[in-house]
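[1] Starting from these lines, generate the structure:
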Amino acid sequence: MTLPSRHELTQPSQNDVLLGRASPVFNHPGNMRYRGIIKSNRQKYVECKTRLDKMILVRKITKDILDDGNVKFWKLDKTKGIWTEVDVRACQDKVSHALRDTKGYDDMGLKL
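    Here you go, the predicted model:
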């Protein structure tokens, strides 16, 4: 018996953020908006002095994203062919990872 722990759907909304690496995920409108949010917060992340400061910023960005326009983060379950909503911790991990990845790049995406 499986217990339903998270929401599942076949088609995420245009506002949602999709986890994954494929071109459709990269070009999804919600992911493009998400990358803009990451880019606009990159300098704040770089200026954080401690891990605690970074964690607080990541939590704030994640909360702002999730509270704005009913956005959800989804991961594709390839075996079922459906999208499964991820928990807040996974959302924070994605935000944190994106901020770390962009830290050493300028606005044009060139390595500093």
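
[2] moving C-terminal of the longest helix seen in the chain, what's the next helix or strand?
    Scanning the chain for the longest helix, with DSSP state H as the assignment, gives helix 29-47. Using DSSP states H and E, the helix or strand that follows helix 29-47 towards the C-terminus is helix 51-67.

[3] what's next to that following helix, contact-wise?
    For helix 51-67, the external contacting residues (C-beta atoms under 8 Å, 6 or more residues apart in numbering) are 17, 34, 37-38, 41, 44-45, 48, 71-73, 88, 91-92, 95-96, 99. In short, each C-beta sits where N, CA and C put it, glycine included.

[4] Return the members of those classed as buried.
    17, 34, 37-38, 41, 45, 71-73, 91-92, 95-96, 99 (16 or more other C-beta atoms under 10 Å).

[5] Tell me which two of the residues you listed sit farthest apart.
    By the measure C-beta to C-beta, 45 and 72 form the most distant pair in the buried ones among the contacts of helix 51-67, at 23.0 Å.

[6] Cool, thanks, talk later.
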